[in-house]
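Undergrad: got a predicted structure plus its sequence, pasted below:
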Amino acid sequence: METIQFIHSGWAYIVLIVLVIATFNALIKFFGNKEFDAKDFRISLFTLITMHIQLLFGIILWFTKGYFDEMSVGEVMKNDAVRKLAVEHPATMLIAVALVTIGYSKHKKKLVSKPKFKVLAIFYTIALALVLYMIPWNQWF
């Protein structure tokens, strides 16, 4: 279990860096009226892939931690620290992954650059905000 925790925590740095790059890339190119090219496609795809890999590590970790094996749902919900790790963090990160997935899927349907960057900018920015809000910073550093 410590190995999965280590991988999940280490991979999170990659996810955060890639998500920041993809978000700022979309915002800068949207406001700069730039053309969408293969590099932009790869950045958004790599963000999608890294987020989904992190999701898999998180799901494995959530099931192996067994928060609800030792505590009842009521006990978990009353304990702020456990609730954040067992409920709030996974739920918020799942929403962030869904937003990246939706944004990526919607951008592929757009035919011109500006709407592509707009969709990516909106969905990736919201996902980034959720990720930054829900990272357990006190355990990360």
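TA: Received it, and whenever you're ready, just let me know what you need.
Undergrad: going forward, measure contacts and count neighbours with C-alpha atoms only.
TA: Fine.
Undergrad: only C-alpha atoms, please: export stretch 31-51 in CSV.
TA: What follows is stretch 31-51 as a C-alpha-only set of coordinates in CSV (Å, rounded to 0.1, in the frame of the first residue of the first chain):
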residue,chain,number,x,y,z
PHE,A,31,-6.6,35.3,-25.9
GLY,A,32,-3.8,35.5,-28.4
ASN,A,33,-5.9,34.2,-31.3
LYS,A,34,-3.4,31.6,-32.2
GLU,A,35,-3.9,28.6,-34.4
PHE,A,36,-4.4,25.2,-32.9
ASP,A,37,-1.6,22.8,-34.0
ALA,A,38,-0.4,19.3,-33.3
LYS,A,39,1.6,20.5,-30.3
ASP,A,40,-1.6,21.8,-28.7
PHE,A,41,-3.4,18.6,-29.4
ARG,A,42,-0.5,16.6,-27.8
ILE,A,43,-0.5,18.8,-24.7
SER,A,44,-4.2,18.4,-24.2
LEU,A,45,-4.0,14.6,-24.8
PHE,A,46,-1.1,14.2,-22.4
THR,A,47,-3.1,16.0,-19.8
LEU,A,48,-6.0,13.7,-20.3
ILE,A,49,-3.7,10.6,-20.1
THR,A,50,-1.9,11.7,-17.0
MET,A,51,-5.1,12.6,-15.2
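Undergrad: how about the top helix by length along the chain: buried residues?
TA: Scanning the chain for the longest helix, with DSSP state H as the assignment, gives helix 2-31. For helix 2-31, the neighbour count (16 or more other C-alpha atoms under 10 Å) marks 5, 8-9, 11-12, 15-16, 18-20, 22-27, 29-30 as buried.
Undergrad: same check, this time on stretch 63-72
TA: Buried positions in stretch 63-72, judged by neighbour count with 16+ other C-alpha under 10 Å: Tyr67.
Undergrad: with just CA atoms, put it into CSV.
TA: Presented in CSV, the C-alpha positions along stretch 63-72 are these (Å, rounded to 0.1, in the frame of the first residue of the first chain):
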residue,chain,number,x,y,z
PHE,A,63,-9.9,0.7,-2.0
THR,A,64,-6.7,-0.5,-0.3
LYS,A,65,-6.9,2.1,2.5
GLY,A,66,-10.1,0.7,3.7
TYR,A,67,-11.5,3.8,5.4
PHE,A,68,-14.9,2.3,5.8
ASP,A,69,-13.5,-1.1,7.0
GLU,A,70,-12.5,0.3,10.4
MET,A,71,-15.0,3.2,10.7
SER,A,72,-18.7,3.6,10.0
